[in-house]
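Colleague: Pasted the sequence and its predicted model underneath.
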Amino acid sequence: MRRHQPPLLPGTPQRVPRALRWLGTLLALLTLCTALHAQGVDLAGLRVKRADGELALDYQARLSLSPSIEEALHRGVPLYFTAQAAVYRNRWYWRDERVARVNRTWRVAYQPLTAQWRVSLGGLSQVYGSLSEALAPLSRVSGWRIADGEKLESGERYYVEFSFRLDSSQLPPPMQVDIGSDWKLGVERTVRVD
């Protein structure tokens, strides 16, 4: 038997079926999740391996820049991206010992007169035709030596703390004052050494 529903009075809101309310909530959550993942660093791969007694690190990241970061780049503001790895030895009796720490900092800048992207690492520079090409060398690194073999003792357990981020401390001082949450770009991971 069907339940009899009383007629709605003029000016009263109609009842929305429960399924439609759930669907609306689900769509709102999906939109929010898409907006949250629109920018950031997605670490697709991170691996630490022993090679010739040394520790080497490989990583692959997918960078999604926010519109304000891309706009700053297109206006000629150089941005700095830093990858850092620290090797620690486990100790049960005290804080873990840091054995080694290395970092790499890339400078990415757009040259408006030549319409080219310049990526610098230390004293070396490379020129690219598009932003995606310019971001490729800093988002994919393999064979990065992070610890010498003489610092690693056999039979000990080690782990690596890795981070990759946009270094906002190297922005021009006027830009550092008004940095919003869309400029927070980074990822951190910890990996055990086998």
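Modeller: Nice, I can see it.

Colleague: any idea what sits nearest residue 52, other than its immediate chain neighbours?
Modeller: Sequence neighbours aside, residue 149 is the residue nearest to residue 52 in space, at 7.0 Å (criterion: CB to CB, 6 or more residues apart in numbering). C-betas here are computed from N, CA, C, even on glycine.

Colleague: Burial check on the one you found, number of neighbours?
Modeller: Around residue 149 there are 13 other residues, counting by other CB atoms under 10 Å.

Colleague: Report pLDDT for residue 68.
Modeller: We have a pLDDT of 88 for residue 68.

Colleague: Can I take it that it is in a helix?
Modeller: Yes. Secondary structure of residue 68 (DSSP: H, G, I helix; E, B strand; the rest coil): part of a helix.

Colleague: Go ahead and confirm it touches residue 185.
Modeller: No. Residue 68 lies out of contact with residue 185 (CB atoms under 8 Å); the separation is 10.9 Å.

Colleague: My read is that residue 80 contacts residue 172, right?
Modeller: No. In this structure residue 80 lies outside contact range of residue 172 using CB under 8 Å: 11.3 Å.

Colleague: shared neighbours of the two, anything?
Modeller: Residues touching both residue 80 and residue 172 (CB atoms under 8 Å, 6 or more residues apart in numbering): none.

Colleague: Neighbour count: the two, which is higher?
Modeller: A side-by-side neighbour count of residue 80 and residue 172, using other CB under 10 Å, places residue 80 first with 17 against 9.

Colleague: Enumerate every residue touching that one.
Modeller: If you count contacts by CB under 8 Å, 6+ apart, residue 80 has them with 105-108, 166-167, 170-171.

Colleague: of those, buried ones?
Modeller: Buried by 16 or more other CB atoms under 10 Å: 106-108, 166-167, 171, out of the contacts of residue 80.

Colleague: What ranges does the protein have for its strands?
Modeller: When assigned using DSSP state E, the strands of the chain occupy the ranges 40-51, 54-64, 79-89, 97-111, 116-121, 124-128, 140-147, 158-166, 186-192.

Colleague: where does this protein have low pLDDT?
Modeller: Scanning the chain with the threshold set as pLDDT under 70 gives 1-39, 174-181.
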